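A.B. asks: What follows is a protein structure lacking sequence information:
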């Protein structure tokens, strides 16, 4: 194969789409971030206010409104607002991850050849972190696509300089437009890779002549034109409070201190890379000698200038979450694939003893992760529900032999075979979990079961539900905006004040306080049913009853 044609890219996009399709409808809202995005987007549609983003009655001033617009548009287009259909909110992430994988193949084919491009796309598509983020209605895969579009434009302009050809206007429009879209998605974060790559190239090459091909004289105005109208509007509506919270508290606060118990030392992203980029993580480690030896070649230099600034910034800031370095994963996949394709027929272990030891230990960790992921579904079903689901056994039966075979290929030096085999294993694991395990794993999905119980006994269309013991955002999204997250006494007071249309969800441990307050108010209640399970956000086992005022 000498080049990738449009047919190849369409087939790759279709395969990626099908890999990420399972789980869209069967996977409930994942606490805590995803249902906050979903509910805020739903409230945007119900209120008709597309400027001031809110979760219930509280402003959600964390980032601009771009992701909420995308999700609201998806829900409006599918007509699913009243059904609380989670899959509709996940359409933007599905489209974004499909486009990101396909674009990675194009960049790889441009830099290293078609085989490297396809292999890089495969490594990216089955990476654990990409699999997780690509199925959720959150910002990260749409931001990943914005970064990839900006990097694609940078690459085109940079290559045009070396090939002495004109850079079309569309390239400049793509670059500044992608940065503007990224600003509307997550604010200044997109500028770290968007400006970090050209700055790093300028430092390494000591020349910036190619930068003018992107028309910076007016490009910055296009970027600001995308985001400024909304910024002005939210500034007026919030009286400046949005910028104080989003920039002062959320963005700068993460730099100075660890927010939401996510403060970790430098090296965190490197430590979690083994699982976050699995199965490509081992091959990325094996590719390091190739990358180091060719660090001065143009293609490798460009990708390193993409990875290093972004990675260093997010290792340096105090708050750390795995998805912060997600925009570097396409570049890592590209370098990894290029190294694999450039390796001789049989790969040789490092000559130094310490290199052999380090790589062997990392390989053992890689193998353990693969085994754990292969067995995770049946083990979880048994541990949480004492249930054996025959369909769930397809995952270990199909994936475990491939993980073992991949390890055997690595030991034997057949790295390309190992990479292809591990990609197949990862695809079976990911698709199998969402097709056979998620639909049967009921113990951890408290919110859908509570919402179904509430719907069975909802006395009014606008029923007010007080949740005294379970305050996860997924409950608000599935039950409704009128859900009140209060304590046991507050739940009793709500029933007292809403005897016709009130319900309360109370865990057994909170029932004494709940009933004591009811007695003070002289109110009797009826228990309609119970839901027991594990709150995976807190690790607590709950046994929640649904209560309503007793009818005389």
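C.D. replies: Thanks, I have it. Treat the numbers as computed from the prediction; the structure is a model and nothing was measured. Numbers count the residues shown, from 1 in each chain.

A.B. asks: Tell me who's in contact with the spatially closest residue to residue 169 that is not a sequence neighbour.
C.D. replies: Excluding the flanking residues, the one nearest residue 169 by Cβ to Cβ, 6 or more residues apart in numbering is residue 215, at 7.5 Å. The C-beta positions use only the backbone N, C-alpha and C, and glycine is treated the same way. Neighbouring residues of residue 215 by Cβ atoms under 8 Å, 6 or more residues apart in numbering: 169, 172, 176.

A.B. asks: Give me the contacts around the helix or strand residue 243 falls within.
C.D. replies: If you go by DSSP states H and E, residue 243 is part of helix 241-243. Contact with helix 241-243 is made by 59, 61, 234-235, as judged by Cβ under 8 Å, 6+ apart.

A.B. asks: now stretch 337-345
C.D. replies: Contacts for stretch 337-345 (Cβ under 8 Å, 6+ apart): 108, 111-113, 115-117, 119-120, 123, 283, 286-287, 290-291, 299-300, 414-416, 419.

A.B. asks: Which parts of the helix holding residue 243 count as buried, going by neighbours?
C.D. replies: Neighbour counts over helix 241-243 (16 or more other Cβ atoms under 10 Å) mark residue 242 as buried.

A.B. asks: Run the chain-centre distance for that helix.
C.D. replies: Remark: helix 241-243 is offset 25 Å from the chain centroid, using Cα atoms, centre = their mean, to the nearest Å.

A.B. asks: Give me the mean pLDDT for stretch 232-250.
C.D. replies: Mean pLDDT, computed over stretch 232-250, is 87.

A.B. asks: I meant stretch 406-420, not that one.
C.D. replies: Mean pLDDT, stretch 406-420: 94.

A.B. asks: start to end distance for it?
C.D. replies: One end of stretch 406-420 to the other measures 8 Å (Cα to Cα, to the nearest Å).

A.B. asks: And for that stretch, what's in contact with it?
C.D. replies: With Cβ under 8 Å, 6+ apart, stretch 406-420 has contacts from 119, 122-123, 279-280, 282-283, 286, 340-341, 343, 345-349, 363, 367, 370, 421-422, 425.

A.B. asks: Is it possible to mark the buried ones in the residues you listed?
C.D. replies: Buried members of the contacts of stretch 406-420, counted by 16+ other Cβ under 10 Å: 119, 122-123, 279-280, 282-283, 286, 340-341, 343, 347, 363, 367, 370, 421-422, 425.

A.B. asks: Okay, and which of those map to helices?
C.D. replies: Cross-referencing the buried ones among the contacts of stretch 406-420 against helices under DSSP state H gives 119, 122-123, 280, 282-283, 286, 340-341, 363, 367, 370, 421-422, 425.

A.B. asks: Residue 184 reaches residue 226, doesn't it?
C.D. replies: Yes: checked against Cβ atoms under 8 Å, the pair residue 184 and residue 226 is within contact range at 6.2 Å.

A.B. asks: With neighbour numbers in mind, choose between those two.
C.D. replies: Counted by other Cβ atoms under 10 Å, residue 184 and residue 226 do not tie: residue 184 has more neighbours, with 22 against 18.

A.B. asks: What separation is there between that one and residue 306?
C.D. replies: Separation of residue 184 from residue 306 (Cβ to Cβ, to the nearest Å): 22 Å.

A.B. asks: Repeat that for residue 158.
C.D. replies: From residue 158 across to residue 306, the span is 11 Å (Cβ to Cβ).

A.B. asks: Between the two, which has more neighbouring residues?
C.D. replies: Neighbour totals were compared for residue 158 and residue 306, and residue 306 leads with 28 against 23 (other Cβ under 10 Å).
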